[in-house]
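Undergrad: got a sequence here, can you model it:
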Amino acid sequence: MPSVTPAVPAGFTAAPVVTDAIEGPARLVVDAPLPDSLAKGLVVIRYRTENLRIMPVFGLAALAVSPRLGHLHITLDGAPWHWVDASGEPIIVQWLPPGPHAILVELADPTHHVIDSATVRFEIPETARR
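TA: Predicted coordinates for the structure are as follows:
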């Protein structure tokens with residue numbers, strides 16, 4: 001019987017039981033804040049990941065899980081600290097003063113090693129309703 005190599009359709013991802021050796025690199029894709037929300041003084045940033053699932057799982061043992069697991073480190077306006085988000089939900093920040101702001105979003109593995117990052121720059125208008 002001849003061997004058959006199945007074709008993999010575009011956009012098809014590996015089954016959650018495969019090893020990370022065949023997964024592509026983990027990647028972070030971040031959208032600009034939603035403009036309607038900015039007008040209200042509310043920052044809503046959607047994001048997605050490729051080849052990594054956002055989950056609240058940490059530590060060395062989690063590095064062996066496939067598909068990969070990770071979380072976000074989020075830094076507002078260059079602060080010397082960040083917060084961790086492992087919800088998989090959009091990033092939401094409110095009550096920022098009017099003016100320009102930047103949020104650094106870092107994709108991190110379960111040991112907090114940063115894999116990918118993106119900076120989102122936006123401005124809260126003076127007329128933002130609170």
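Undergrad: C-alpha only now, for contacts and for neighbours.
TA: Noted.
Undergrad: chain center to the helix or strand of the chain with the lowest mean pLDDT, what's the gap?
TA: None of the helices or strands of the chain scores lower by mean pLDDT, DSSP states H and E than helix 35-38, at a mean of 93. Helix 35-38 sits 20 Å away from the centroid of its parent chain (C-alpha atoms, centre = their mean, to the nearest Å).
Undergrad: residues in contact with it?
TA: The contact list for helix 35-38, computed with C-alpha atoms under 8 Å, 6 or more residues apart in numbering, reads 43-44, 123-125, 128.
Undergrad: okay, these in a markdown table with pLDDT next?
TA: As requested, these are exported to a markdown table (pLDDT from 0 to 100):
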| residue | pLDDT |
| --- | --- |
| Val43 | 97 |
| Val44 | 97 |
| Glu123 | 96 |
| Ile124 | 96 |
| Pro125 | 95 |
| Ala128 | 80 |
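Undergrad: so, low pLDDT: which residues of this structure?
TA: Counting by pLDDT under 70, the chain contains low-confidence ranges at 1-21, 129-130.
Undergrad: go again using 90 as the cut-off
TA: Residues of the chain meeting the criterion pLDDT under 90: 1-23, 66-67, 127-130.
Undergrad: mind listing the strands for it?
TA: 27-30, 42-45, 47-50, 53-54, 69-76, 83-85, 91-94, 99-108, 114-124 (DSSP state E).
Undergrad: pick the most deeply packed of those.
TA: Mean neighbour count (mean count of other C-alpha atoms under 10 Å) peaks for strand 69-76 among the strands of the chain, with a mean of 22.
Undergrad: name every strand pairing with it and say which way it goes.
TA: Here strand 69-76 has these sheet partners by DSSP bridges: strand 53-54 (parallel), strand 83-85 (antiparallel), strand 99-108 (antiparallel).
Undergrad: need the residues that contact the longest one.
TA: Surrounding strand 99-108, the residues in contact under the criterion C-alpha under 8 Å, 6+ apart are 27-28, 70-78, 114-126.
Undergrad: that strand vs strand 114-124, what angle?
TA: Going by axes from the mean of the first three to the mean of the last three C-alpha atoms, to 10 degrees, strand 99-108 is angled at 160 degrees with respect to strand 114-124.
Undergrad: make TSV out of the contacts of helix 35-38 and add distance to Pro100.
TA: Converted to TSV, the contacts of helix 35-38 look like this (distance: C-alpha to C-alpha, whole Å):
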residue	distance to Pro100
Val43	12
Val44	15
Glu123	4
Ile124	6
Pro125	9
Ala128	13
